[in-house]
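Asks: Need coordinates for the below:
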Amino acid sequence: QVQLVESGGGLVQVGGSLRLSCAASGRIFSTYTMGWFRQAPGAERKFVAAMTWSGGSTYYADSALGRFTISIDNAKNTVYLQMDNLKPEDTAVYYCAADSSGDGGSWYAEWKYDYWGQGTQVTVAS
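Replies: Take a look at the predicted model:
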């Protein structure tokens with residue numbers, strides 16, 4: 001079993017930055033893919049970024065490319081999402097997720113991930 005706990009959300013002004021953290025506990029293997037998704041009010045949950053636990057590959061949604069950076073600190077078993085130049089449309093609940101399949105595929109797909117955190121709210125005020 002894997003447990004994921006997000007933190008770091010909050011209220012920020014347009015153009016500001018936030019760093020989300022996802023503390024992972026349990027059995028994490030280097031083959032896992034870690035992802036960040038977000039869900040705005042009244043909308044479906046959408047892919048933001050993903051990274052293999054080994055750090056070999058990173059993936060971003062078009063909306064995140066150039067502004068968000070995913071990273072992993074293996075020593076702390078923590079996944080980060082650095083978000084810069086935030087926009088009002090980034091307002092959402094952000095979720096951390098883990099895909100234990102080890103095949104590295106469909107990293108953008110919600111159904112691929114079998115462990116989820118409880119989410120952390122990010123609000124960008126204009």
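Asks: Report the rounded mean pLDDT for stretch 20-29.
Replies: Averaged over stretch 20-29, pLDDT sits at 93.
Asks: Can you name the residues that contact the most centrally placed residue in the chain?
Replies: By C-alpha atoms, centre = their mean, the chain has its centre lying nearest to residue 36, at 2.0 Å. Contact partners of residue 36, counting by C-beta atoms under 8 Å, 6 or more residues apart in numbering, are 20, 22, 48, 49, 50, 70, 79, 81, 94, 95, 96, 97. From N, CA and C alone the C-beta is placed, and that goes for glycine too.
Asks: Repeat the analysis, applying 10 Å as the threshold.
Replies: Residues counted as contacts of residue 36 (C-beta atoms under 10 Å, 6 or more residues apart in numbering) are 6, 20, 22, 47-51, 60-61, 64, 68, 70, 79-81, 83, 94-97, 117.
Asks: doesn't residue 83 make contact with residue 90?
Replies: Yes - Residue 90 lies in contact with residue 83 (C-beta atoms under 10 Å); the separation is 6.8 Å.
Asks: Please identify the helix or strand for residue 118.
Replies: Under the criterion DSSP states H and E, no helix or strand holds residue 118.
Asks: Kind regards, and thank you for your time.
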